[in-house]
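Trainee: Turn this into a model:
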Amino acid sequence: MPLQTIEPRRLYRQIAGQLRTLIEQGEFVVGSRLPPERDLAQQLGVSRPSVREALIALEVEGHVEVRMGSGIYVRQSDPASARVVSAEAPLETIRARQLIESELAAHAAQHMKRPQIAGLREALALMEADAAAGHTPTRGDRLFHTRIAEASDNSVLLRVVGELFDERHNPLSAQLGSHFETARSWAAAIAEHRAVLEAIARQSPRGARAAMARHLTHSHDRFTANWSADNTPAKLPAPARRRIAATPVRRAT
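Mentor: The predicted structure follows:
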C-alpha cells in the first residue's frame, strides 16, 4: 500500500472542522446563533483569534453568516457549492509580519538614505489619496512596507514581506477585511504608517521598531473587535459540549 502525504492541519481548520461537523449533524440548527467566541475558545482550549479565523472560514464556505451588531448565525448551506478553505490564517500572518517587519523598520532607520525616505513619503501620499477618494489604499500600503524591506538589501526578506502582505487577498483575509476595514480604520492605519516614517526619518531604530510593532498590533486588534455589542450568551448544546471535549484540538509540534 503506497504511503500518502501527511498534510499538517492549520489550527483554525481543526476548529472549523469540529464546528462544521456539529452544524451538519444538527447540533446547531439553521437560523440559530453560535455561542460567543470566548465560550468556544474556552471549550476548545484555543485562543479567540483562532476561533475568529475558523468562523471566517465557515462563513466563506457558506455554513454561517456574520451579522455585524448581532452575532454569527447558522445558514442553510448548499452542498453542491461546498468547499473547504485552506488559506493561510490571516491573524497569524499579521503576527508573522510584526516579528519580521519591526526589525526591518529598525534596520531601515539606520540605513535608509534621503531618496529612499522620499519614496516612503510617496507611498504614504498614495495611501492618503486613495483613502480620500474612497478607495482601499492597498497600493500605497504595499509599497510602503516593501520599500522598508528593500532597505535591507536582501532579496529574500523583500520577497517574504511581499508574499505576506499579499496574503490579504486570500479568501479568509478578504472576508475578514470586508467586516472590519472602514474609512475610520484606514485613517488610523495611515496615522500609524506616518509614525513609522517619522521614526525612520529621525534615524531612530528603537522608535521605528516600536512604531511598526504598534501598527501591526493595532491591525491585529482591529480584526478581532467584537462582532456585536450584544453579549447575551448563546448556549452550547450539551451534546456539542461533550463532543468537543472528546475531540481535543491538536497543535502542530
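Trainee: what's the burial count for A96?
Mentor: 16 (other Cβ atoms under 10 Å). For every residue, glycine as well, the C-beta is placed using N, CA and C.
Trainee: Now do the contacts for the nearest residue to it once chain neighbours are set aside.
Mentor: Once flanking residues are discounted, A96 sits nearest to L164: 6.1 Å by Cβ to Cβ, 6 or more residues apart in numbering. If you count contacts by Cβ atoms under 8 Å, 6 or more residues apart in numbering, L164 has them with 93, 96-97, 100.
Trainee: Could you chop the chain up by domain?
Mentor: 11-83+232-246, 90-222 (automatic domain parsing).
Trainee: Quick one: the ones you listed as a markdown table, columns for mean pLDDT too.
Mentor: Listed next are the domains of the chain as a markdown table, based on pLDDT from 0 to 100:
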| stretch | mean pLDDT |
| --- | --- |
| domain 11-83+232-246 | 83 |
| domain 90-222 | 97 |
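Trainee: check contacts around Q203.
Mentor: Contacts here follow Cβ under 8 Å, 6+ apart; on that basis Q203 touches 109-110.
Trainee: now the strands for the stretch 151-253 of the chain?
Mentor: Counting by DSSP state E, counting those that start in this stretch, the stretch 151-253 of the chain has no strands to list.
Trainee: could you pull out the helices for it?
Mentor: Secondary structure of the stretch 151-253 of the chain (DSSP state H, counting those that start in this stretch): helices at 155-166, 171-180, 183-201, 205-222, 238-246.
Trainee: what's next to the second one, contact-wise?
Mentor: The reference is to helix 171-180. So helix 171-180 is contacted by 52-53, 56-57, 59-60, 66, 68, 85, 87-90, 93, 167-168, 222-223, 225 (Cβ under 8 Å, 6+ apart).
Trainee: before we move on, what about stretch 120-137?
Mentor: So stretch 120-137 is in contact with 112, 138-141, 143-144, 147-148, 181, 183, 186-187, 190, 193-194, 197, 200, going by Cβ under 8 Å, 6+ apart.
Trainee: CA atoms of it as CSV?
Mentor: Taking C-alpha atoms only, stretch 120-137 is exported to CSV below (Å, rounded to 0.1, in the frame of the first residue of the first chain):
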residue,chain,number,x,y,z
LEU,A,120,8.2,56.2,1.7
ARG,A,121,6.6,59.7,1.7
GLU,A,122,5.4,59.0,-1.8
ALA,A,123,3.8,55.7,-0.7
LEU,A,124,2.1,57.4,2.2
ALA,A,125,0.8,60.1,-0.1
LEU,A,126,-0.6,57.4,-2.3
MET,A,127,-2.4,55.8,0.6
GLU,A,128,-3.9,59.2,1.6
ALA,A,129,-5.0,60.0,-1.9
ASP,A,130,-6.7,56.6,-2.4
ALA,A,131,-8.4,56.8,1.1
ALA,A,132,-9.6,60.4,0.3
ALA,A,133,-11.1,59.1,-3.0
GLY,A,134,-13.0,56.3,-1.1
HIS,A,135,-10.7,53.5,-2.3
THR,A,136,-9.0,50.9,-0.1
PRO,A,137,-5.4,52.2,-0.1
